[in-house]
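Peer 1: I need the structure of the sequence given here:
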Amino acid sequence: MSLFKARDWWSTVLGEKEEFDQGCLCVADVDNSGSGQDKVIVGSYMGYLRIFNPHPVKPGDEVQPEDLLLEVQLREPILQVEVGKFVSGTEGLHLAVLHCRKLCVYAVSGTLGNVEHGNQYQIKLMYEHNLQRTACNMTYGPFGGVKGRDLICIQSMDGMLMLFEQESYAFGRFLPGFLLPGPLTYSSRTDSFITVSSCQQVESYKYQVLAFATDADERQETEQQKLSSGKRLVVDWVLNIGEQALDICVVSFNQGVSSVFVLGERNFFCLKDNGQIRFMKKLDYSPSCFIPYCSVQEGTINTLIGNHNKMLYVYQDVTLKWATQLPHIPVSVKVANFQDLKGVIVTLTDDGHLQCSYLGTDPSIFQAPKVDAREINYEEMNAEMKELQKIIREATKTQDILPESEKQRDLTVTAEVSPELDAESQAIESEVKAEAVPSVTVKITVQSRVAVQKPNLAVCVQAPLAVTCDQFIFDDLEPDSSETVVLSVFLKGNCIPSELEGNCMVSYNIPTELNPEGIPRVAQCNFSLPLRLVCFPSQPTKAANHKLTIDTNKPPVTFLTIFPDFVDPSEGDQANALGFLFLTGSKTTLLASKTSQSGFRALSRLMFSLLGLQPDPLVLLILGFKMPCTAKVKVGTVPRELILSSLINMNRSYERLRTKKEESVKTLEYRDVFVIMIPGPLQPSFLLFQALQRVIALADAAEENQANVFQAFTKLKSATHLVIMLISLWQKLSTDQVAILEATFLPLAEDTQELGWEETVDAAVSYLLRTCLSKSSKEQALTLSSQLCMPKDTSRLKKNITLFCDRLAKGGRLSLSTDLATQQAAVMPGGCATIPESDLEERTVIPGSAAMFSSHGQITKQKSK
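Peer 2: Numbering: from 1, shown residues only. Okay, here's the model as predicted:
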């Protein structure tokens, strides 16, 4: 229980399933008893009008029946209730009730009872006005400086101010530039109406200006007639507050000064009579209602502000004086005087919880036990302090940003991929032109150790792969319960994916005592898909356009260990050649050396990117020796520079398609505008038909080009995977350095028109060249462009990647640290040697040579026989 909780003095619940809003609450001595004791008047959207005279009750007791003075059901919803001097010939208080299309003024009176049931109260209709427009809200006051009576102003939903001089209708005026109605109030000191428009401006209109302006009934006249029949409605002052207002109130506790209070969505404003800001308070919560009231300190004003966190704050100007907890979210708050108790806070919620409370705290019943006085042992305290400091130092040594995972998680998700393909393929709407498109079953299990709310499972695979169902919504899980789903993965697009990986993620909420709705959490796991999903075994072939040779210094791991699904069981460990036939029709061959020089050779007949589809098995073949090895790379008879050239060429094709896509989108937009500009009488004509045919043809071409862009991007990612593997093997990069390399060359998960592979990779490589691979502090001081755009050609990217590889070959190491001196001292004592500018130019290739990527990072060339 909160210490600062509103003390419940009197409370009740109004009706069942009734709705209430800001204007449905009013406190005043509506029956003119003369005792100075306020009554609580409440109206609801269901048409019920209730008047209460609260009396204090003991804790646990119910509200006494005599507290309800009157309850009557009117025919229409009640929008607002106000109490004032609304009847001519008397200065007694009367009750004004605003309906959607009617304004009614009642007299509330009581009759002394002769029996134990007490006094009897009734209302009498004094007069009513039928409204021609739908009402929104109203305000009242001595308009024009009248004495002893109050006039009423009603704002309609279409921006008309309708003024009533008690029993008669005075005039109506439309607000200029009106869009939506806002809160409305009246300032008696300046004789002005103040509202907040939909332009997020506080606007003030003088009553005299409204009275002499053009009548609202004459809006249908011509402009010349309007100019001659009355004055134009001009605003007195305007203040832009930059947000919508929830309520507005004018406070004047003395004759000399009055203030205009405006409650915004995120700020609280206090304005002077002329619209100048007296002060403002920025709120760190979402307010729901407010009421200013007099302060005990002269020159200041207290304000009660309720919010959607069930809190009520008390401010003295901008200083927070008190905060108290409410049982519900208030939509209206008032301050009333009851029997022997002044300043009672009256709150009303949207579902009818009416409460009268006061501010206070619970007395503390806890008494601290007496402690035995004893002398302090400073030696023991110093020893304990040193032990605690040691524990703190050990705990702060770790550099991990995220905390260590719990030994036993609240919820775990596991994915199990079937070792066999589906007997009956589950592929749907596949674009692959093969005779049969296989699929594989994935079984996902969600195991919960505690109660879990709103668990949702999302399954994602790399396009062009697809799943039969990617979203699952479960009911709330009980402790030690589980849910299992089964789905199938297949190749949907007519191209080879760059990765055979999948991810499943579960989002859920864990409820707590402080947060019953639950704390959001996420659990996820990855799973690997079999190579048989995208290719079949085929006859190996030696005819190929692209060859990748890996020489090792230890016997290779057998194909049966790495590719058990592709090796003929009759060959077993003796298999030294494997063929892969992809569903798209391409072929790749993997050969194991028969000579004493052990190694492998991967061959692709059509695309260099096919060698990068599954680089992990090749890495396993090399890392299986657990010893340093040498990798020699050949692309036909061309040295290693053209491996990067192949990557650049694939990027050039990708960028060409991106440019074509951008041009097609612009052409399509132009044609759309052309269709819109065709005049109406010509629309059924041949011209419109031809224009639509062109638009459809352009749309089809743009869709086909989009598919080509996706395929080119997928091939580019596959080739990039291969280049990353080769560089990591060549320079024997650590796991952290490989992660930096992958983030540099694979920054995008998918293609977008706004951001492409080339400009992103170029920016990342340039950053590394100016930080961890820089030659001097001058390079490190260079600034990079903050704007990424599609380049005109690939020359800059080619030079940067070539320079990147050269500096790695000369001893550079990848690091995210920007401390150049630390990097050079820790990794390469001599620093990177200065690279001549001539090295940046395209190098002349010697036909018939091959490049050796040794474990020491040196490059040597030898003539091939």
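
Peer 1: can we go C-alpha only for contacts and neighbour counts from here?
Peer 2: Will do.

Peer 1: Output the below-cut-off pLDDT ranges for the stretch 501-650 of the chain.
Peer 2: 544-546, 548, 550-556, 569-575, 593-650 (pLDDT under 70).

Peer 1: repeat for the stretch 51-200 of the chain
Peer 2: 59-61, 113-118.

Peer 1: can you pull out the strands in it?
Peer 2: Taking DSSP state E, counting those that start in this stretch as the criterion, the stretch 51-200 of the chain contains strands spanning 68-73, 80-84, 94-98, 102-111, 120-130, 135-141, 151-156, 160-165, 168-174, 184-187, 192-196.

Peer 1: Next, format the ones you listed as TSV and append mean neighbour count and distance to Met280.
Peer 2: TSV is the format used below for those (neighbours: other C-alpha atoms under 10 Å; distance: least, C-alpha to C-alpha, whole Å):
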stretch	mean neighbour count	distance to Met280
strand 68-73	16	40
strand 80-84	23	28
strand 94-98	26	32
strand 102-111	18	36
strand 120-130	15	39
strand 135-141	22	24
strand 151-156	23	27
strand 160-165	21	29
strand 168-174	17	30
strand 184-187	24	19
strand 192-196	24	16
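
Peer 1: Tell me which of those strands lies nearest to Val296.
Peer 2: strand 184-187 (22.9 Å; C-alpha to C-alpha).

Peer 1: give me the number of residues near Asp31?
Peer 2: When counting by other C-alpha atoms under 10 Å, one arrives at 20 neighbours for Asp31.

Peer 1: give the contact list for Tyr508.
Peer 2: With contacts defined as C-alpha atoms under 8 Å, 6 or more residues apart in numbering, Tyr508 is in contact with Val452, Gln453, Lys454, Pro455, Asn456, Pro520, Arg521, Val522.

Peer 1: The helix or strand harbouring it pairs with which strands?
Peer 2: Taking DSSP states H and E as the definition, Tyr508 sits inside strand 501-510. As defined by DSSP bridges, the strand partners of strand 501-510 come to strand 453-461 (antiparallel), strand 519-528 (antiparallel).

Peer 1: Give the next helix or strand downstream of the shortest one.
Peer 2: Remark: after strand 453-461, the chain's next helix or strand is strand 465-467, criterion DSSP H and E.

Peer 1: which residues sit against the following helix or strand past that following strand?
Peer 2: Per DSSP H and E, strand 465-467 leads on to strand 471-473 as the next helix or strand towards the C-terminus. Taking contacts as C-alpha under 8 Å, 6+ apart, the residues outside strand 471-473 that touch it are Lys454, Pro455, Asn456, Leu457, Ala458, Val459.

Peer 1: Buried among those? Need that as a selection in ChimeraX.
Peer 2: To isolate in ChimeraX the members of those that are buried, counting by 16 or more other C-alpha atoms under 10 Å, one can use:
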select :454,455,456,457,459
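
Peer 1: Could you give me the buried positions within the strand holding Tyr508?
Peer 2: Gly502, Cys504, Met505, Val506, Ser507, Tyr508, Asn509, Ile510.

Peer 1: Quickly note the distance from the first one to Cys460.
Peer 2: I take that to be Gly502. Relative to Cys460, Gly502 is positioned 6 Å away (criterion: C-alpha to C-alpha, to the nearest Å).

Peer 1: where do the strands sit along the stretch 601-750 of the chain?
Peer 2: In the stretch 601-750 of the chain, the strands defined using DSSP E, counting those that start in this stretch lie at 631-633.

Peer 1: Tell me which stretches of the stretch 401-550 of the chain form strands.
Peer 2: Taking DSSP E, counting those that start in this stretch as the criterion, the stretch 401-550 of the chain carries its strands at 411-421, 439-448, 453-461, 465-467, 471-473, 481-491, 501-510, 519-528, 535-538, 546-551.

Peer 1: Using JSON lines, lay out the strands of the stretch 51-200 of the chain together with distance to Thr588.
Peer 2: As requested, the strands of the stretch 51-200 of the chain are arranged in JSON lines below (distance: least, C-alpha to C-alpha, whole Å):
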{"stretch": "strand 68-73", "distance to Thr588": "85"}
{"stretch": "strand 80-84", "distance to Thr588": "80"}
{"stretch": "strand 94-98", "distance to Thr588": "82"}
{"stretch": "strand 102-111", "distance to Thr588": "84"}
{"stretch": "strand 120-130", "distance to Thr588": "87"}
{"stretch": "strand 135-141", "distance to Thr588": "75"}
{"stretch": "strand 151-156", "distance to Thr588": "77"}
{"stretch": "strand 160-165", "distance to Thr588": "79"}
{"stretch": "strand 168-174", "distance to Thr588": "79"}
{"stretch": "strand 184-187", "distance to Thr588": "78"}
{"stretch": "strand 192-196", "distance to Thr588": "72"}
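
Peer 1: Quick check: which ranges of the stretch 201-350 of the chain have low pLDDT?
Peer 2: For the stretch 201-350 of the chain, the stretches flagged by pLDDT under 70 are 215-231, 253-256.

Peer 1: Grab the most central residue of the chain for me.
Peer 2: With distances taken as C-alpha atoms, centre = their mean, Pro520 lies nearest the centre of the chain, 13.9 Å away.

Peer 1: May I have the residues that are in contact with the closest residue to that one other than its chain neighbours?
Peer 2: Among residues not flanking Pro520 along the chain, Asn509 sits closest, at 4.4 Å (C-alpha to C-alpha, 6 or more residues apart in numbering). Residues counted as contacts of Asn509 (C-alpha under 8 Å, 6+ apart) are Val452, Gln453, Lys454, Pro455, Glu517, Gly518, Ile519, Pro520, Arg521.

Peer 1: ok, 10 Å please
Peer 2: Counting by C-alpha atoms under 10 Å, 6 or more residues apart in numbering, Asn509 makes contact with 451-456, 476, 516-522.

Peer 1: Can you pull the domain assignment for the protein?
Peer 2: Domain segmentation of the chain under the TED database yields 5-215+232-360, 411-531, 534-617, 640-678+685-810.

Peer 1: Including distance to Ala383, could the ones you listed go into a markdown table?
Peer 2: Written out in a markdown table, the entries for these read as follows (distance: least, C-alpha to C-alpha, whole Å):
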| stretch | distance to Ala383 |
| --- | --- |
| domain 5-215+232-360 | 44 |
| domain 411-531 | 38 |
| domain 534-617 | 54 |
| domain 640-678+685-810 | 40 |
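
Peer 1: Out of the ones you listed, which is closest to Ala395?
Peer 2: Across these (criterion: C-alpha to C-alpha), the nearest stretch is domain 640-678+685-810, sitting at 22.9 Å.

Peer 1: distance between that closest one and the chain's centre?
Peer 2: Here the centre of mass of C-alpha atoms in domain 640-678+685-810, compared against the chain's by C-alpha atoms, centre = their mean, to the nearest Å, lies 28 Å away.

Peer 1: Tally up the residues packed near Phe527, please.
Peer 2: 15.

Peer 1: As TSV, the strands paired with strand 501-510 with distance to Leu163 would be great.
Peer 2: As requested, the strands paired with strand 501-510 are exported to TSV (distance: least, C-alpha to C-alpha, whole Å):
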stretch	distance to Leu163
strand 453-461	53
strand 519-528	53
